[in-house]
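Participant: Provided below for reference: sequence and predicted model.
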Amino acid sequence: MTTRIDSKTPRPFRRALPGSRLKAASIAAILGVLVCSVVSLPSSAKALAQKREHFQNAEIIYDWVKIGTGQKLRTFITRPKNAPGKVPVVFIVGWLSCDSVEYPAGETDGFGAIILRLADKSGFATVRMDKPGVGESEGDCAKTDFQTELQGYRAAFDSMSKYDFLDLNRVFVVGLSNGGGTAPLIAGSHPVAGFVAASSWGRTWYEHMLENERVRLSGEKHSAGEINQALRVFTQFYDLFLIQHQSPGEILAKHPDWKPFWYDTPDGQYGRPAAFYQQLQDLNLGEVWQKVSCPVLVMRGGADTIMSDADSRAIVDNVNRSHPGKARFVEIPGADHSLAVGRPLHASVFGTMTDWMRQVLGERKN
């Protein structure tokens, strides 16, 4: 995890700092819900349409879901062209940051490559949602807590029942980064064929953050003594922040000597409010994952500095303790947090993921 992030940083790494979103203007009212069916548009609308995704082998539907706050959230549904009857579906759960899951500029990072290739090359339908305040979705992402975001994902999952081409008995949930750890919370009582957790976490957020602070400080080339001193502070800081539900500002007002150690805002972190992380800490992901009885694929890049090996392996361990052999761990050598090496997605990722899904579906038939 790095705290020095600019607009050139690929979106999965930006960790939701304010102003990180690079969005086109809203075009829903101009284009309607099915972009592929538009034949003639005003020149301005044509220009806007060029900023949307385009697929060779799939058509895309733009739709909405509404949550309890009254906010409308943008959904993206892709359908393989010329697909006979119902098709399997991949529901995609996005990352922590306030960046869209729409990729009109193409494969700008590894996660984007996964999303676009699943839509265009897998033969499966896909479903995604932009969280509140992102893209065309209503709301303010910087003020949206985790439980509100979760409402949106659950509404999007529920909405799949209205599309007659989706086979709801063959649904995979692919979670990216933070979304991989919390993916089982999305489906509720709906049947799921399998989960893919990419670059994810399965421990407590408190453990995750302490480990990430050590990695961050080590990357900034502090001495061993300085790192240990900082970790003494962060151990207490994150207890008050995450477990005792105090804001960073409240904590620093009581402990002014800790101010040199804090690098973010008084009311939150990485562009999300304090409540977002406090609600993550309140989750018992061990309990959540131990109830998962379907197959699980956990993927992690060997060079990931955001989610550790222990973060990812915790999911595998939690599943296999209750359901031996159901979870599989795959490390991608040299890949970063978005499973890319440099900019391109690692060559093995897409095939590993889709081959695993087809194997799961094949075994269910036998």
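Facilitator: Thanks, I have it. Quick caveat: nothing in here was measured; it's all calculated off a predicted structure. Numbering: from 1, shown residues only.
Participant: Could you use CA atoms for every contact and neighbour count after this?
Facilitator: Fine.
Participant: in terms of contact, does Arg52 touch Pro104 like I think?
Facilitator: Yes: in terms of C-alpha atoms under 8 Å, Arg52 counts as a neighbour of Pro104; the distance is 4.7 Å.
Participant: beta partners of the nearest residue to Ala142 once chain neighbours are set aside?
Facilitator: Nearest non-adjacent residue to Ala142, counting by C-alpha to C-alpha, 6 or more residues apart in numbering: Arg272, 4.8 Å away. Beta-bridge pairing of Arg272 under DSSP bridges involves Gln269.
Participant: Run through who's touching the top helix by length along the chain.
Facilitator: Taking DSSP state H as the criterion, the chain has its longest helix at helix 349-365. When contacts are defined by C-alpha atoms under 8 Å, 6 or more residues apart in numbering, helix 349-365 is touched by residues 114, 117-118, 122, 170, 172, 193-194, 196, 295, 297, 332, 339.
Participant: hey, C-alpha coordinates of it in CSV?
Facilitator: Taking Å, rounded to 0.1, in the frame of the first residue of the first chain, the C-alpha atoms of helix 349-365 are listed here in CSV:
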residue,chain,number,x,y,z
VAL,A,349,-4.6,-15.4,-15.1
PHE,A,350,-7.6,-15.4,-17.5
GLY,A,351,-7.1,-19.0,-18.6
THR,A,352,-6.7,-20.2,-15.0
MET,A,353,-9.9,-18.5,-14.0
THR,A,354,-12.1,-19.5,-16.9
ASP,A,355,-10.7,-23.1,-17.0
TRP,A,356,-11.5,-23.4,-13.3
MET,A,357,-15.1,-22.2,-13.9
ARG,A,358,-15.7,-24.6,-16.7
GLN,A,359,-14.2,-27.5,-14.6
VAL,A,360,-16.6,-26.6,-11.8
LEU,A,361,-19.6,-26.6,-14.1
GLY,A,362,-18.5,-29.9,-15.7
GLU,A,363,-18.1,-31.6,-12.3
ARG,A,364,-21.6,-30.4,-11.3
LYS,A,365,-23.1,-32.2,-14.3
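Participant: From the chain's centroid, how far away is that helix?
Facilitator: The chain centroid and the centroid of helix 349-365 are separated by 21 Å, computed with C-alpha atoms, centre = their mean, to the nearest Å.
Participant: Pull out the buried residues from it.
Facilitator: 349-350, 353-354, 356-357, 360-361 (16 or more other C-alpha atoms under 10 Å).
Participant: Which members of those define the maximum pairwise distance?
Facilitator: By the measure C-alpha to C-alpha, Val349 and Leu361 form the most distant pair in the buried residues of helix 349-365, at 18.7 Å.
Participant: shaky segments in this structure?
Facilitator: Within the chain, the set of residues satisfying pLDDT under 70 comprises 1-50, 365-366.
Participant: how does it divide into domains?
Facilitator: What automatic domain parsing lists as the domains of the chain is 19-199+322-365, 205-281.
Participant: So what does the closest residue to Asp317 other than its chain neighbours have for phi and psi?
Facilitator: Spatially, and ignoring its direct neighbours in sequence, Asp317 is nearest to Ala327 (7.9 Å; C-alpha to C-alpha, 6+ apart). Backbone torsions for Ala327, taken as degrees, to the nearest 10, come to phi -110, psi 140.
Participant: if I pick Ala327, what's in contact with it?
Facilitator: Applying C-alpha under 8 Å, 6+ apart, we find Ala327 in contact with 295-298, 316-317, 319-320.
Participant: Which of the residues you listed ranks first by neighbour count?
Facilitator: Using other C-alpha atoms under 10 Å as the neighbour test, the contacts of Ala327 are led by Val296, with 28 neighbours.
Participant: And that one, how close does it get to His190?
Facilitator: As defined by C-alpha to C-alpha, to the nearest Å, Val296 lies at a distance of 16 Å from His190.
Participant: Does the spatially closest residue to Thr204 that is not a sequence neighbour lie in a helix or a strand, and which?
Facilitator: Once flanking residues are discounted, Thr204 sits nearest to Gln281: 5.8 Å by C-alpha to C-alpha, 6+ apart. For Gln281, the host element (DSSP states H and E) is helix 274-282.
Participant: what residues are up against Pro256?
Facilitator: By C-alpha under 8 Å, 6+ apart, Pro256 has no neighbours at all.
Participant: Could you do the one 10 residues further on as well?
Facilitator: By C-alpha under 8 Å, 6+ apart, the contact set of Pro266 is 247-250.
Participant: With distance to Gln56 added, can I get the buried residues of helix 349-365 in a markdown table?
Facilitator: Shown next, in a markdown table, are these (distance: C-alpha to C-alpha, whole Å):
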| residue | distance to Gln56 |
| --- | --- |
| Val349 | 21 |
| Phe350 | 17 |
| Met353 | 21 |
| Thr354 | 18 |
| Trp356 | 24 |
| Met357 | 22 |
| Val360 | 26 |
| Leu361 | 25 |
